[in-house]
Structure formats: C-alpha cells, structure tokens
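Q: Sequence plus the predicted model coming up.
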Amino acid sequence: MIRSGALGIGDPLPSIRSLYRTRKISPATAQSAYQQLISEGLAESRPRSGFFVSAKPADSRWRRPHAPLAGAPVPRLEPTRLEVSDLVFQTLEASRHREVVPLGSAFPSPLLFPWKKLARYLGRSARHMDPWKTVESLPPGSLELRRQIARRYVRLGMSVGIEEIVVTAGALEALNLALQTVTRPGDTIAVESPTFYGCLQAAERAQLKVVEIPTRAGEGIDLIALEAALEREPIRACWVMTTLQHPTGSSLSLERKQQLARMLAERSIPLIEDDAYAELQFAAKPLPPAKCFDRRGLILHCGSFSKCLAPGYRIGWVAAGRFTEEIVRRKMEGSIATSLPVQLGIAEMLRSGGYDAHLARLRRALARQQADVLRSIERAFPRECQVTVPAGGYFLWIGCPDRVDALAVHRAALEFGVTVAPGPIFSARREFAHHLRLNCGHPSTAPLERGLERLGRLLA
C-alpha cells in the first residue's frame, strides 16, 4: 500500500497491538515486519507515537497517485492501434495530467465553475436536511430539484410535469436508462455520424445494432437521410443531440426539431434527446429542445448539470414521458438513488438565482475562449483545414486534408504533451479519419498557445 501510494508520507501505520490481534500473529512477528519496512526506508518509528510512513522512501517509484513529482517531464504515452473504447480511455487518461495541453479533453476547465459558492449551498442544504428526505427522495429524486428543473422548462415555453422528471447520476446514466427502456438486445437504433462516443459504447453494451445518419455541418442530423433509413430499416429508437451536437457543435433549427419530432411520432419511434450542452448556448434566447413538440410522451429528454455547473457531482435527469415508470424502476434496480445533499444544494442554487448568474459568466468565458482558439488556429493551422464554429459549448470540429491521418496526429501530439480527440472515435465504422475534435474550454495560456502552434506545424 505504501508503494502504490494508498498510504502517503506521514500516514500512521497500525500499532503492534492491533496487528497481532487482527492478524493473529505474535508481537515479535509484527515488530519484525516493521523492522523490515524501516530497513527498506518505507517506515519510521516515532517515540511514544508508533510507526509512520517514511518521509524519505528508498524506492524512487513510490509517490502519491496522480501527483507528479516536482520537475517531472510530461508523461510519455505509447499509444497502439486501438478499438474505440480503448482510444477514448487513453485520450481521457492523458488529459488527467496538468502538464498536458488538454485539447483532446471532454471537459472544460474546472476553473470556470463556482466551487466555493456551490459548496456553501451544499453545506447549508446538508445542515438543514430533514432525515426523512433520504427516503422521500428515492427515485424519481428530490422534489425540490425536480420542481426547479420543471420551472426551467417553463422558461423555454414548455410544460413538463414534475412527475415526469427522474433525477440521475449525470446525463450518461439518464441516457443509458433511456436506451435500456426503449430497446432490447438485437434491436437497431439510429444515431448521428459523427456522434458522441458514449452513445456508441452504450449501444455496444446493450447489444444493439446501429444505423449511422450523416450530420450536416452547422445544421445537425440529416432528416432526409433519417427518413430514408426509417423506411428501410426496423429502427426501434433514435439517439440525437439536437442542440450543440457532440462533436460538431451543430444545432437543429426549431423548425427542424419539430420536423424530427413529427417524423418519429408518426411511426411511434422513441427519441432519446441528449441535451447535455443546451445551457451553454451563446444566444440571449436559447433554442428549446425537440421535447417541446412532444405530444405523445415519446421523447426522453436528458439533461445535466455536469457540463454547466458541477462537473464531478454527477447530477442529471431525464424527462421520460410515457416511459417514466419504467425509468424509475430501472434506476431503483441499478443505483437505488442519487446523492441527496448534492440534489438539494443544486436546487437551492437554482432557486436563489445563483445558477443563472453563473451561467451568464460561463457563457461569456466560453465565447471568449472559443474566439482565442480560433485566432490561434487561423495563425497556425494549414489553410486547407476547415473549422465548424458552433454557437455555444466548447468544442471545435476540424476537417483536415485527406493526407492527414487523425490517429497518427493523435499519437504524434502525445509525444510533445498535447492531446487531441481523433475523428474515428466518433463513428461506429471508424470514419472521419481526417477529422479532429479540439477542446476550447480552457483559458488561453502560453502552454496552450504553444500547443496549438506545434499542432499546426504537425498538421502542415
């Protein structure tokens, strides 16, 4: 445990007495074991205090996990030819390190979020929490939070009942629950192409077949191609990001959202609407989701606070329409409940107006950072590169010349401490071999500027 970092410098070690009692060994054996740890430089004895992890371990490999040594170089990662899931995990793993320029990260800068203010709301809610709420707030979740979410729907001109909203551990759980509810193994679903890799992984876990529908830059899913697929294939459900689609950032117009909802309702096909980035629209009057045109309860609208308020707290929801009861049952079977103090804290922040004030600042920051990255790309990238510029969020979708292999760029960029997300991880058929997704959700810094310049030279 010392060598792995589970026990850190200065941590107390079990006493001789507790060791011989719990391990059923003699005191002499326990003493001998500690003498061996001391001789290896892993432990030290302090008079009248006991044994502690040594501040000067003999083994240079010993350190706390994820805490780089002072002056350590950027980690050198050795990617190999990978499947989508492996490549996704490798990209996310590389982005954990602070020394790496996180252009391939799926998350915005954690410095953009009001951690201290949110902590105050969480602390106040926890201190005043009625113990009975831990039972009352089992799925579908906290009544207070569901009421605040329903009110946000009203502000978009929609009527979504509190009884339809189920709180989940992030949007991804909501999406998985929705997919499990409306499909069975062997079914076929329609997804966008390119699409969020989490969608492909969820479909693989659920043993589903996937029909990929092309997405038009700046416009969203191609509805003509979707209609042709619906006529040709036994599609059981559709999974679509109608606003700030990941990775392209495209959004369907309100008219096309209505057309999508009508097209699927005519065939009684459920729509899983992934709307995780909707709160990050730059427009003063954000577009409502396709859910606003749902008249038959066929649209399962999935949202999240992870991308806009509390990454790591994992609070999302699904407005599940006619599928609500089944979603609640599956939530109970799978994870029982979502953290109640976090639900109550977020509900309090929404109720007080602190959430809207934060969103205004966040959107301005993301718009400013997007403009900074676009200027760097214009200076550093080959002119043949085409950039899809979204009206919100923090991703840029880069189309490179055909001679550029995105996987090769991914591997080479890691060598100089820059991560990028290669296009093939966004397609079931490993398409988009000449595309990259870049994260512009981090403040412009000298390392970021240098990383974009080196990436531009690499592409050239």
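A: That came through, no problem.

Q: Could you list the low-confidence segments of the stretch 201-350 of the chain?
A: Within the stretch 201-350 of the chain, not a single segment meets pLDDT under 70.

Q: go again using 80 as the cut-off
A: 217 (pLDDT under 80).

Q: where do the helices sit along it?
A: 223-232, 254-265, 324-334, 340-352 (DSSP state H, counting those that start in this stretch).

Q: And the strands in the stretch 201-350 of the chain?
A: 209-216, 220-221, 235-240, 271-274, 299-304, 316-319 (DSSP state E, counting those that start in this stretch).

Q: could you redo those as CSV and give each row distance to residue 364?
A: From N, CA and C alone the C-beta is placed, and that goes for glycine too. Formatted as CSV, the strands of the stretch 201-350 of the chain follow (distance: least, CB to CB, whole Å):
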stretch, distance to residue 364
strand 209-216, 28
strand 220-221, 25
strand 235-240, 28
strand 271-274, 25
strand 299-304, 21
strand 316-319, 24
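
Q: what's the closest of those to residue 133?
A: Among the strands of the stretch 201-350 of the chain, strand 316-319 comes nearest to residue 133, with 17.5 Å by CB to CB.

Q: Now do that closest one: distance to the chain's middle.
A: 15 Å (CA atoms, centre = their mean, to the nearest Å).

Q: please renumber so the chain begins at 22
A: Yes, from this point I'll number from 22; that puts the last item at strand 337-340.

Q: And the contacts of it?
A: 162, 167, 170, 174, 181, 185-196, 198-199, 297, 312, 321-327, 348 (CB atoms under 8 Å, 6 or more residues apart in numbering).

Q: Repeat that for stretch 353-373.
A: 138-139, 142-147, 150, 154-155, 158-160, 162-163, 165-166, 168-170, 172-173, 188-190, 194, 198, 326, 330-331, 334-336, 352, 376, 379.

Q: Which of the residues you listed are buried, as a ChimeraX select command?
A: With 16 or more other CB atoms under 10 Å as the criterion, this ChimeraX line picks the buried residues out of the contacts of stretch 353-373:
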select :139,142,143,146,154,158,159,160,162,163,165,166,169,170,173,188,189,190,194,198,326,330,331,334,335,336,352,376,379
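
Q: out of the contacts of stretch 353-373, which are inside strands?
A: 188-189 (DSSP state E).

Q: just to revisit the earlier point, just say which of the helices of the stretch 222-371 of the chain is most tucked in.
A: helix 361-373 (a mean of 22; mean count of other CB atoms under 10 Å).

Q: Kindly report the domain assignment for the protein.
A: Domain assignment for the chain by automatic domain parsing gives 22-85, 105-127+384-480, 136-373.

Q: any idea how far the closest residue to residue 279 other than its chain neighbours is from residue 284?
A: Nearest residue to residue 279 in three dimensions, chain neighbours excluded: residue 314, at 4.8 Å (CB to CB, 6 or more residues apart in numbering). Separation of residue 314 from residue 284 (CB to CB, to the nearest Å) stands at 11 Å.

Q: Could you do residue 110 as well?
A: 35 Å.

Q: what sits against residue 189?
A: 162, 195, 198, 336-339, 352, 359.

Q: What count of nearby residues applies to residue 292?
A: 27 (other CB atoms under 10 Å).

Q: Enumerate every residue touching it.
A: Here residue 292 is in contact with 258-259, 261, 281-282, 285, 311, 319-321 (CB under 8 Å, 6+ apart).

Q: What is the nearest of the residues you listed to residue 409?
A: Among these, and counting by CB to CB, the member closest to residue 409 is residue 261, at 17.3 Å.

Q: Quickly note the distance from the residue nearest to that closest one when sequence neighbours are not counted to residue 40.
A: Distance criterion CB to CB, 6+ apart; nearest residue to residue 261, sequence neighbours excluded, is residue 242 at 5.6 Å. Distance from residue 242 to residue 40, counting by CB to CB: 62 Å.

Q: Of these two, give the one with the bigger neighbour count.
A: Taking other CB under 10 Å, residue 242 and residue 40 do not tie; residue 242 has more neighbours (25 against 20).

Q: from memory the more buried one sits against residue 281, does it?
A: Yes. Counting by CB atoms under 8 Å, residue 281 is a contact partner of residue 242 at 7.3 Å.

Q: Now the common contact residues for these two.
A: Listed as contacting both residue 242 and residue 281 by CB under 8 Å, 6+ apart are 261, 263, 273.

Q: quick one: which of those residues has the most company?
A: residue 263 (29 neighbours).

Q: show me what contacts that one?
A: Residue 263 neighbours (CB under 8 Å, 6+ apart): 241-242, 272-273, 278, 281, 294, 296, 310-311.

Q: Just want the phi and psi numbers for it.
A: Dihedral angles of residue 263 (phi, psi; degrees, to the nearest 10) stand at phi -80, psi -20.
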